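Undergrad: Quick check, what structure comes out for this input:
(2 chains)
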Amino acid sequence: MSQSTPVLAAHGLTKHFRAGGRRIAGRPPARAIHAVDGVDLELHRGQVLAVVGESGSGKSTVARLLAGLIPITDGQVLLDGAEARVRGRRAFRAYVRRVQMIFQDPFASINPVHPVRYTLTRALRLHRHQSTGGKLRGAELEAALTELLERVHLTPAERYVDKYPHELSGGQRQRIAIARALAAEPEVLLADEPVSMLDVSIRLGILNLLADLRDRLGIAVLYITHDIASARYFADRTTVLYAGQVMETGDSESVTQEPLHPYTRLLVASAPDPDDLAGAGAAAVRDQGTGGEPPSLVDPPPGCRFAPRCPYATDLCRRETPALLEVAPGRAAACWGYSEREDRPEVGRVSTSSASGGEAGA
Amino acid sequence: MSQTDTSTQDGTTTTEAGTPVAPESSDPVLEIRNLSVDYGFGDDPTHVLREVSLTLNRGEVLGLAGESGCGKSTLAYAATRLLSPPGLITGGEVWLTGRDGQRADLLSLSDAELRAARWRDIAIVFQGAMSSLNPVFRVERQLIDGILAHRPGMRRAEARERAAELLRLVGISADRLRSYPHQLSGGMRQRVMIAMALALEPQVLIMDEPTTALDVVMQRQILEQVMELRERLGFSVVLITHDVSLLVEVADRIAVMYAGEIVETAVARDVYAKPRHPYSAGLLGSFPPLHGPRRELTGIPGAPPDLSKRPPGCPFAPRCAHAMDVCRTELPVLGRTAQSEEGRLVACHLHTSGLVNGELPDLLAR
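TA: Predicted structure coming up:
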């Protein structure tokens, strides 16, 4: 991992949503959904960090917290090493100028009654007027619009600038959403499942575009996804989230090829694999014991949140929550199996380059 | 209802001219022949399905792959006559062979016969099944209602016993009968839907994107369970999904659809190892592999065509790297591959002998 200060970092990021009960000012709610609990993340310039997790793991909440769309319960967000306080409109706008978000559904995130020109012009005027002094207009505005559309490979720009969203395909709409985010010239792009609503044949085009923006403009990208295979393809580093906590983090290739945490192994083994002739993945999942589901986040169990489903779990796992332990340089897993404790569970090492799930019986 | 006037002779109808049917060890349960569907009643309806033919053999898992809007769900709904207006079946036949060997054309059944045949012979697990359950009734009531509707003579207690048995079949404990849908997780609701579909022991189970809303771990568990039940109870499955890599693993045979047409059918593993249609190859190249060497992937340029403005010729031609002049003018029909492989069909001019002077592109010649 690079030693430079991360553009955007989160330490102990926590979000509890109120779940029923009366709201009493200044007091924590009686029942809360622990959506995100103590998540640490670092986004570096020119890098993509993938956050992988199943539905309900808190991955979208992480993105919304980082975007300043919902208040943080606990922990801090650091923008360029300085604590980001998003209080009040002015501060919020200054923050989102540098941290922009792309949403999952391009059919819902772009106003259908306005043409592309309006959507992009608004973003340009909102975020650029201070730097250029006065409003963007005339030839200058046209040039900026053209540049934005070209950046997202919608060329020739004149063909798209006056179109309405309904005249565009899903992929084109998502490109407009990306162009709108780029209008602010952000340092960070938070992409919440940017391709899961799109047709499969055009998903890669959008991912390749984001990779291109990372390389050319040095933007840091947070890529939220449930598809671990796309994280391997596109992200430099991958963090695996389960029930609101980080289970494992490391460079994408190692996390997907030699997963350390039992949950990551289950995830990798479950992914469809056409090359898996012997059905090893299926066998591994069967060995893990089916019938497992993520725990309730209203009263999360003590100890490791994956323990109820984990085939290696011991009393230690059910009693105490493991911290994120550094297992190898740049790789960490929140699993007691990698600690030095006497009573640690036997997780079994993953042999390199073996087929998925082959080690499940170890 | 709208359907063509086809005579309902049993068992005697053979292949009509025009549609080549793959030479297969055939014990077909469901045969779709030249099914056409339009959307819209005006002078200019959108042709969503054009003369689609497909055969499901007994005990087989047939995967239907394609992107959103390619007509795969329409095909399933049209074949069961569940298509709601403005969808309109304009032609074709759907032959269902019963357990007793009786054959019937679903499209020319009377409403009463159709009502009886649905669910008993063909059951569907709908897309977004998680929200198909009625939120204000307990699971028990929803299961029992369906059973009693088709088995009028059955006593309520018997139906309840059957409902409990069905839940156990899909791995849910019977005490969950008293739960409301919101008390179940997404995976459990999906299992309840599958249990419901299996209630009358159908011969054909159509699953329309059954696991898209679920995460991969749950997806695998549920599909494993369906495959195990298939062996035990002996039904055939049509699995509709956009995830080809999933189909390669679970399906016996795959039919790839594009713009309302089937462009390729073959044994699942062959589609993966040796795609013969440029679209199949592109689709497979759109999924980054989780295992094995990293590959540079490009996806497919362009976007699927608007079916109301379908270009003449092959619908894939505008996105195809190997398109020739003939592709833009003439519609290819499903036929043999250039390699003349058994049980494989492809609709691509590259495979039409006499049209291609050179060799097949490397990608399709493996």
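Undergrad: How far does stretch B:197-207 sit from its chain's centre?
TA: 14 Å (C-alpha atoms, centre = their mean, to the nearest Å).
Undergrad: ok, the residue of the stretch 101-250 of chain B found nearest chain A - contacts?
TA: Ranking the residues of the stretch 101-250 of chain B by distance to chain A (C-beta to the nearest C-beta) places residue B:215 first, at 3.3 Å. Heads up, the C-betas are built off the backbone N, CA and C, glycines and all. Residues in contact with residue B:215 (C-beta atoms under 8 Å, 6 or more residues apart in numbering or on different chains) are A:54, A:55, A:226.
Undergrad: same thing with residue B:97?
TA: By C-beta under 8 Å, 6+ apart, residue B:97 lies in contact with B:28, B:29, B:30, B:31, B:103.
Undergrad: The chain: helices as residue ranges?
TA: I'll assume chain A. A:59-66, A:89-98, A:116-132, A:138-151, A:158-161, A:170-182, A:200-217, A:228-234, A:252-257, A:262-270, A:280-287, A:315-319 (DSSP state H).
Undergrad: looking at chain B here, not the other one
TA: Counting by DSSP H, the helices of chain B are B:72-79, B:111-120, B:139-150, B:156-169, B:186-197, B:216-229, B:244-250, B:268-273, B:278-284, B:362-365.
Undergrad: about what we covered before: so what's the closest residue to the residue of the stretch 101-250 of chain B closest to chain A other than its chain neighbours up against?
TA: Leaving aside its sequence neighbours, residue B:215 sits nearest to residue A:54 (C-beta to C-beta, 6 or more residues apart in numbering or on different chains; 3.3 Å). Contact analysis of residue A:54 by C-beta under 8 Å, 6+ apart lists A:226, A:242, A:267, A:294, B:215, B:216, B:217, B:218.
Undergrad: How confident was the prediction at the residue in the stretch 51-200 of chain B that chain A sits nearest to?
TA: Here the stretch 51-200 of chain B gets closest to chain A at one residue, residue B:67, 4.3 Å apart by C-beta to the nearest C-beta. Looking at residue B:67, its pLDDT is 84.
Undergrad: same question, residue A:72
TA: 89.
Undergrad: what does residue A:124 give?
TA: pLDDT at residue A:124 comes out at 89.
Undergrad: what residues does the stretch 101-250 of chain B put near chain A?
TA: B:171, B:185-187, B:213-221, B:224, B:242-246, B:248-249 (C-beta under 8 Å from any C-beta of the partner chain).
Undergrad: Just the buried residues of the residues you listed.
TA: B:171, B:186-187, B:213-221, B:224, B:242-246, B:248-249 (16 or more other C-beta atoms under 10 Å in any protein chain shown).
Undergrad: Below-threshold pLDDT in chain A: ranges please.
TA: When residues are selected by pLDDT under 70, those of chain A lie in A:1-3, A:21-23, A:27-29, A:129-134, A:276-292, A:348-362.
Undergrad: which non-adjacent residue is nearest residue B:197?
TA: residue B:123 (3.9 Å).
Undergrad: what is that neighbour paired to in the beta sheet?
TA: Residue B:123 has these beta-bridge partners by DSSP bridges: residue B:205.
Undergrad: any chance you could map the strands in chain B?
TA: For chain B, the strands defined by DSSP state E occupy B:28-39, B:46-57, B:61-65, B:87-97, B:103-105, B:122-125, B:204-208, B:236-241, B:253-258, B:261-267, B:345-346.
Undergrad: Could you export those as JSON lines, including distance to residue B:291?
TA: Formatted as JSON lines, the strands of chain B follow (distance: least, C-beta to C-beta, whole Å):
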{"stretch": "strand B:28-39", "distance to residue B:291": "34"}
{"stretch": "strand B:46-57", "distance to residue B:291": "31"}
{"stretch": "strand B:61-65", "distance to residue B:291": "20"}
{"stretch": "strand B:87-97", "distance to residue B:291": "39"}
{"stretch": "strand B:103-105", "distance to residue B:291": "44"}
{"stretch": "strand B:122-125", "distance to residue B:291": "29"}
{"stretch": "strand B:204-208", "distance to residue B:291": "26"}
{"stretch": "strand B:236-241", "distance to residue B:291": "20"}
{"stretch": "strand B:253-258", "distance to residue B:291": "20"}
{"stretch": "strand B:261-267", "distance to residue B:291": "22"}
{"stretch": "strand B:345-346", "distance to residue B:291": "28"}
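Undergrad: Looking at those, spot the one closest to residue A:60.
TA: Comparison of these against residue A:60 by C-beta to C-beta identifies strand B:236-241 as nearest, at 23.6 Å.
Undergrad: And the chain, split by domain according to the record?
TA: Here I'm looking at chain A. A:43-70+A:85-241, A:260-362 (automatic domain parsing).
Undergrad: The chain in question should be chain B.
TA: According to automatic domain parsing, the ranges for chain B are B:26-121+B:203-300, B:131-201.
Undergrad: and these, which is most packed in?
TA: Stretch with highest mean neighbour count among these: domain B:26-121+B:203-300 (a mean of 20; mean count of other C-beta atoms under 10 Å in any protein chain shown).
Undergrad: For beta bridges, what are the partners of the spatially most central residue of chain A?
TA: Taking C-alpha atoms, centre = their mean, the centroid of chain A lies closest to residue A:224, which sits 2.7 Å from it. Residue A:224 has these beta-bridge partners by DSSP bridges: residue A:51, residue A:192.
Undergrad: hang on, isn't it packed against residue A:59?
TA: Yes: at 4.9 Å, residue A:224 and residue A:59 qualify as touching, with contact defined as C-beta atoms under 8 Å.
Undergrad: can you list residues touching both of these two?
TA: A:51, A:192.
Undergrad: ok, the residue nearest to residue A:154 when sequence neighbours are not counted - contacts?
TA: Once flanking residues are discounted, residue A:154 sits nearest to residue A:160: 4.6 Å by C-beta to C-beta, 6+ apart. Applying C-beta under 8 Å, 6+ apart to residue A:160 gives the contacts A:116, A:149, A:154, A:168, A:172, A:176.
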